[in-house]
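In: output the structure for:
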Amino acid sequence: MKKWIFYSLLFLPFLSWAQTEKDSTKTDNIYLDSIFIGEIENKKGEKPKVLHAEPLYIDLIRDLGARKGEKEWNLGVGMKADRDFDEFEALLEYEWAPIDRLGFEVELPFTFYGPVNSGGDGVRPSNRLESLKLATQWSFLVSEKHSTSLAIGYIHEFELTDLDKIRTERFFKGNVYNPFFIAAKRWGRNYHTLIYTGPRLISEFGQTGVETVFEINTNLHYMISGTRNFIGLEVNKEVVSGKLLTVFRPQMRVALAENLMVGIVTGIPVNTEISGLSSFVRIIYEPGFKAMH
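Out: Model (predicted):
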């Protein structure tokens with residue numbers, strides 16, 4: 001018993017020092033994070049906005065609570081494994097905010113297909129520029145008190161014909177109408193949740209009727225203190241013909257410079273109708289962005 005007391009007293013100063021260091025580090029993180037959030041949300045002469053972690057696969061049309069003059073370039077590349085052939089996707093998009101709270105986006109999504117895999121019996125589709133996507137998003141509520149933002153938006157896709165059929169078929173083959181609603185909240189300083197939902201109405205020329213797909217995308221992210229780096233999970237859900245199709249997308253975003261970030265996403269499908277694992281990388285460049293002054 002006396003030895004136990006002796007050793008306890010011997011290690012007591014070390015334990016006290018370790019706890020002090022831990023408390024000091026925690027205090028420093030809180031301080032740095034508070035400054036970082038404040039610099040982004042309360043820029044002098046600008047309208048307030050709430051810092052949110054945004055999903056990397058189904059991304060938003062400019063930031064929630066966007067400020068006039070903000071702009072962003074995105075380059076994305078990805079691959080999906082298939083039993084018959086590999087599918088490669090690429091996108092180029094530009095986002096900008098002409099006035100406070102309102103964002104616009106132009107996107108060109110491409111899809112390319114690898115050769116048919118050994119043993120595969122599928123027919124390889126044609127490479128194509130999927131569509132010309134035009135989008136807008138309006139943040140109608142930005143609440144600093146509740147760390148919450150709400151927005152509505154609309155995406156219109158002009159579907160394009162396959163690249164190898166441009167000379168023989170009509171250039172545009174249909175339209176996709178996609179109104180959506182977004183609700184986002186930051187819990188404390190580090191945890192972020194976001195819901196992105198709405199119908200996608202697909203109308204192709206020469207076909208009767210409209211195909212309806214309802215999207216429900218939910219997100220949970222943890223943002224590292226004092227940075228815009230995060231790790232999180234994006235869950236993409238679609239209701240097609242009464243059936244729910246789900247893909248889990250673990251992801252992370254890392255800042256390479258003040259105005260340059262890279263996001264890495266893995267796709268894990270739940271349903272057998274969605275073939276294979278997938279991966280996706282998004283490079284995000286924001287000209288003129290500065291977090292600290």
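In: pLDDT weak spots in the stretch 151-293 of the chain?
Out: For the stretch 151-293 of the chain, the stretches flagged by pLDDT under 70 are 163-164, 166-167, 274-275, 290-293.
In: could you report the pLDDT at residue 25?
Out: We have a pLDDT of 50 for residue 25.
In: where along this protein do the strands fall?
Out: With DSSP state E, the ranges of strands along the chain come out as 71-80, 87-99, 102-113, 128-129, 131-143, 148-160, 172-187, 191-204, 211-223, 230-240, 243-257, 260-269, 278-285.
In: so for residue 52, which of these sits nearest?
Out: Closest to residue 52 of the strands of the chain, according to CB to CB: strand 172-187, at 4.5 Å. All C-beta spots, glycine's among them, are computed from the backbone N, C-alpha and C.
In: residue 36 is nearest to which of the strands of the chain?
Out: Of these, the one closest to residue 36 (CB to CB) turns out to be strand 211-223, at 9.6 Å.
In: right, and the strands of the chain - which one's nearest residue 47?
Out: Proximity to residue 47 (CB to CB) singles out strand 131-143 among those, at 7.7 Å.
In: which strand residues bridge the nearest residue to residue 201 once chain neighbours are set aside?
Out: Excluding the flanking residues, the one nearest residue 201 by CB to CB, 6 or more residues apart in numbering is residue 177, at 4.3 Å. With DSSP bridges as the criterion, residue 177 is bridged to residue 156, residue 201.
In: OK, contacts around residue 177?
Out: By CB atoms under 8 Å, 6 or more residues apart in numbering, the contact set of residue 177 is 154, 156, 200-201, 203.
In: and it, how far from residue 135?
Out: 12 Å (CB to CB, to the nearest Å).
In: give me the pLDDT for residue 54.
Out: 94.
In: could you give the number of residues near the closest residue to it other than its chain neighbours?
Out: Computed as CB to CB, 6+ apart, the closest residue to residue 54 that is not its neighbour in sequence is residue 60, at 5.1 Å. Residue 60: 23 surrounding residues under other CB atoms under 10 Å.
In: so residue 60 makes contact with residue 72?
Out: No: look at residue 60 against residue 72 with CB atoms under 8 Å: they stay out of range, at 10.2 Å.
In: residues near residue 69, how many?
Out: Residue crowding around residue 69 was assessed by other CB under 10 Å; the count is 12.
In: how close does the nearest residue to residue 61 once chain neighbours are set aside get to residue 80?
Out: Leaving aside its sequence neighbours, residue 61 sits nearest to residue 137 (CB to CB, 6+ apart; 3.6 Å). Distance, residue 137 to residue 80, by CB to CB: 27 Å.
In: between the two, who's got more neighbours?
Out: In this view residue 137 and residue 80 are compared by other CB under 10 Å, and residue 137 has more residues nearby, 24 against 19.
In: my read: the more buried one touches residue 102, true?
Out: Yes: between residue 137 and residue 102 there is a contact under CB under 8 Å: 7.4 Å.
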